[in-house]
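In: Kindly generate the corresponding structure for this input.
(one chain, ligands or ions: 1)
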Amino acid sequence: MHILNFIGGEWVSAAGGKTFQSFNPADTRQIVATVALSGTEDVDRATAAARKAFPAWRGMPAPRRGEILFRAGELLSREKGRLGELVTREMGKVSAEGLGDVQEAIDIAFYMAGEGRRLQGETVPSELPGKDCKSLRAPLGVVALITPWNFPIAIPAWKIFPALICGNTVILKPSSDTPACAAALVELLEKAGIPPGVVNLVHGSGEMAGEYLTTHPEVNAVSFTGSSIVGEKLEGMLGKIHRPMATEMGGKNAIIIMDDADLTLALEGVLWGGFGTTGQRCTAASRLVIHEKIYDRFVEMLAEAAARLRLGDGLEEDTDVGPIINERQQQKVLEYIRTGVSEGARLVTGGKPVTTGACAHGYFIEPTVFADVTPTMRIAREEIFGPVVSAIKCADLDEAISIVNDVGYGLSSAIYSRDVNKTARAEHDLETGIVYVNASTIGAEIQLPFGGWKHSGSGHPEAGGRGGAIDFYSRVKVVYRDFSGKLQRAQIDK
Ligand code: NAP
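Out: Prediction:
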């Protein structure tokens, strides 16, 4: 598959003619795509195309923009099977999750299409006679979108659809690990009738094309999802040039399991949250804070269940856990496992790369569980982004909440308990943007805001429904209309 840039409504090679490749992480002998490697000239062209298309797109009534997004949602639904398979081939997640990735894009397309008829501001009474007071939503202009590889269709869609419905034009720079998925999404947007220049796609390295794009003078705002290290670097750079930016970054999410919890349910939540998407979710459950009365029993249940998970190609029906995205990430996860051992944590299952059978040609790591982890260990504080779960013991709910909160991240947390007072306390006191009760740390829905606190995000969610994406991708203009026909002194001194 040969993947080009999409600029001003045309599929074009990179100006320098260079390319790079994306691979199937379950079998790296399979090249998924050969892709345009963009430089500054390509970014210049994309920003110029987006700027040119902005006035007409902004001028199109929002309900008409919504109709185009609705068609995109229909095309995504029709192509869900094909796209889901591509997600698994290029990113590695198992088939059901690949399809789920596409389903999120479908959901956000239909949701945002409807928002085209609801982009409301406010009308409030004036303090003066003969005067109206209202606020309107206006687009930001040209928005640069930088996305990671772990939700290669869903995350670009979470950004593109709300940005478009608000009247912005966009340039997407997707992860270099999953360019074919991004291109497949943009192809469907083109088919849905998005006018030339409204959506542009530029492939290439984050450090080069990505950084140049985010700081480009023609760009009005930036939405970034990825690691905290890159996001915070960009926040520093863009703060200096006063450019609005939303960041969705890393996590160190935790599940509290109290002594009155339904342990079978909690186990299911831990397996799904810890090892789903091979632990490569920003909301992955990488810490368990378990009440001392059930600690040993639960760790034993978890170790047994984790050891039974089957690794392999996500397209095979019996695979539970797919590969790690690339070799660099695999090495990073293995390094964390060595760190855990050297810090004195007890490795109860897993811990090794898998290099035989169905896993012989990919980047696989055994589902790994550490017990006797203390809150100060690095494996309990830093994002690992792989199939590694750390079990920490607690004496009561107060201690559990303080352990969960005592990290730099604040994305997602969960509590399993049958005591309504305990779960209510947790809802109030957990310092994360998302809290789950008797459910795992994953499973957010698109109609509510999605975003992290502390080093997990800029604090204002740019994903999800109103209060999230619509608020980020539009800015407010306040209009006072005086129809009294005279200078009202009260305007000077009320
Ligand atoms: P990453 O290395 O930070 O990369 C994210 C994106 O930024 C990629 O498109 C990357 O391009 C680009 N990039 C890298 N350096 C850049 C720079 N200097 N300027 C501009 N762009 C740059 O993250 P990742 O490994 O793809 O994704 C995993 C991370 O994303 C994890 O930390 C995870 O928690 C986080 N994440 C957060 C959320 C959330 O909603 N909070 C959701 C999903 C993932 P290249 O691919 O070319 O390097």
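
In: how about the residues of the protein near the ligand?
Out: Those residues of the chain that sit near the ligand, judged by CB under 6 Å from any ligand atom, are 146-151, 173-177, 205-207, 210-211, 214, 225-227, 230, 234, 248-251, 282, 383, 385, 411, 452, 456-457. To be clear about C-beta, it is placed using only N, CA and C from the backbone, and glycine gets the same treatment.

In: Buried only: go through those residues for me.
Out: Buried members of these, scored by 16 or more other CB atoms under 10 Å, are 146-151, 173-177, 206, 210-211, 214, 225-227, 230, 234, 248-251, 282, 383, 385, 411, 452, 456-457.

In: Retrieve the pLDDT associated with the most centrally placed residue in the chain.
Out: Taking CA atoms, centre = their mean, the centroid of the chain lies closest to Ile155, which sits 5.2 Å from it. pLDDT recorded at Ile155 is 98.

In: In the stretch 351-494 of the chain, where is pLDDT below threshold?
Out: 490-494 (pLDDT under 70).

In: ok, the residue nearest to the centre of the chain touching Pro148?
Out: Yes: taking contacts as CB atoms under 8 Å, Ile155 lies within contact range of Pro148: 6.5 Å.

In: Hmm, Phe364 is touching Asp320, no?
Out: No: counting by CB under 8 Å, Phe364 stays clear of Asp320, with 11.9 Å between them.

In: quick one: the residue nearest to the residue nearest to the centre of the chain when sequence neighbours are not counted from Gly9, how far?
Out: Leaving out its chain neighbours, the residue that sits closest to Ile155 by CB to CB, 6 or more residues apart in numbering is Thr147, at 4.7 Å. Relative to Gly9, Thr147 is positioned 21 Å away (CB to CB, to the nearest Å).

In: Tell me the secondary structure of Phe370, please.
Out: Following DSSP: H, G, I helix; E, B strand; the rest coil, Phe370 is assigned to strand.

In: Leaving out sequence neighbours, find the closest residue to it.
Out: Phe370 sits nearest to Ala345 (CB to CB, 6+ apart), 4.2 Å away.

In: so who does that neighbour touch?
Out: By CB atoms under 8 Å, 6 or more residues apart in numbering, the residues touching Ala345 are Phe370, Ala371, Asp372, Val373, Met377, Ile379, Ser390.

In: Return the backbone torsion pair for it.
Out: Dihedral pair for Ala345: phi -70, psi 150, per degrees, to the nearest 10.

In: Likewise for Gly236?
Out: Dihedral angles for Gly236 - degrees, to the nearest 10 - are phi -60, psi -50.

In: still on that earlier bit, next, show the common contact partners of Ile155 and Pro148.
Out: Joint contacts of Ile155 and Pro148 (CB under 8 Å, 6+ apart) are Thr225.

In: pLDDT score assigned to whatever residue of the chain ends up closest to the ligand?
Out: Residue nearest to the ligand within the chain: Gly206 (2.1 Å; CB to the nearest ligand atom). The score at Gly206 is 98. That number is its pLDDT.

In: my guess is it contacts Pro174, does it?
Out: No: counting by CB under 8 Å, Gly206 stays clear of Pro174, with 9.9 Å between them.

In: so how far does stretch 19-33 reach from one end to the other?
Out: With CA to CA, to the nearest Å as the measure, stretch 19-33 spans 10 Å from end to end.

In: Give the rounded mean pLDDT of it.
Out: Mean predicted lDDT for stretch 19-33 stands at 98.

In: Excluding its own residues, what touches that stretch? List them.
Out: Contacts for stretch 19-33 (CB under 8 Å, 6+ apart): 1-3, 34-37, 86, 89-92, 176-180, 183, 203-204, 312-315, 322-326, 359, 361-363.

In: Tell me the buried residues within those residues.
Out: Here, 16+ other CB under 10 Å leaves 3, 35-37, 86, 89-92, 176-180, 183, 203-204, 312-315, 322-326, 359, 361-363 buried among the contacts of stretch 19-33.

In: what's the helix or strand for Lys93?
Out: Assigned by DSSP states H and E, Lys93 belongs to no helix or strand.

In: so what's it up against?
Out: Val87, Asp101, Thr277, Thr278, Gln280, Gly314, Gly322.

In: can you give me the strands for the stretch 301-450 of the chain?
Out: 346-349, 353-354, 364-365, 368-373, 388-394, 409-410, 412-416, 434-437 (DSSP state E, counting those that start in this stretch).

In: Give me the common contacts of Phe364 and Asp320.
Out: Leu311.

In: the more surrounded of the two?
Out: The neighbour comparison of Phe364 against Asp320 (other CB atoms under 10 Å) goes to Phe364, with 26 against 17.

In: Which SSE is immediately downstream of the host helix or strand of Ala138?
Out: Applying DSSP H and E as the criterion places Ala138 in strand 131-139. Going down the chain from strand 131-139, the next helix or strand is strand 142-146, by DSSP H and E.

In: which residues are contacting stretch 178-186?
Out: 1, 3-4, 6, 22, 32-33, 35, 76, 79, 82-83, 86-87, 90-91, 105, 147, 149, 152-153, 156-157, 160, 172, 174-175, 199, 201, 203.

In: repeat for stretch 64-82
Out: Here stretch 64-82 has contacts from 57, 83, 99, 102-103, 105-106, 109-110, 112-117, 161, 164-165, 167, 184-185, 188-189, 191-194, using CB under 8 Å, 6+ apart.

In: and with 7 Å instead?
Out: 99, 102-103, 105-106, 109-110, 112-114, 116-117, 161, 164-165, 188-189, 191-194 (CB atoms under 7 Å, 6 or more residues apart in numbering).

In: ok so, going back, I'd like to know which of the buried ones among the contacts of stretch 19-33 are part of helices.
Out: Leu86, Arg89, Glu90, Met91, Pro179, Ala180, Ala183 (DSSP state H).

In: Please convert those to TSV, extending it with pLDDT.
Out: Output for those, formatted as TSV (pLDDT from 0 to 100):
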residue	pLDDT
Leu86	98
Arg89	98
Glu90	98
Met91	98
Pro179	98
Ala180	98
Ala183	98
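
In: out of the residues of the chain next to the ligand, which are inside helices?
Out: Glu211, Thr214, Val230, Leu234.

In: My guess is the second one contacts Val222. True?
Out: Yes: under the criterion of CB atoms under 7 Å, Thr214 lies in contact with Val222, with a separation of 4.7 Å.

In: Now the common contact residues for the two.
Out: Ala144, Leu234, Leu238.

In: With respect to Ala53, which of the residues you listed is nearest?
Out: Ala144 (14.6 Å; CB to CB).

In: Show the contacting residues for the nearest residue to Lys422 once chain neighbours are set aside.
Out: Leaving aside its chain neighbours, Lys422 sits nearest to Leu397 (5.4 Å; criterion: CB to CB, 6+ apart). Each residue near Leu397 by CB under 7 Å, 6+ apart is listed here: Met258, Lys422, Arg425.

In: Export these as JSON lines, with columns for neighbour count.
Out: Shown next, in JSON lines, are those (neighbours: other CB atoms under 10 Å):
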{"residue": "Met258", "neighbour count": "23"}
{"residue": "Lys422", "neighbour count": "21"}
{"residue": "Arg425", "neighbour count": "17"}
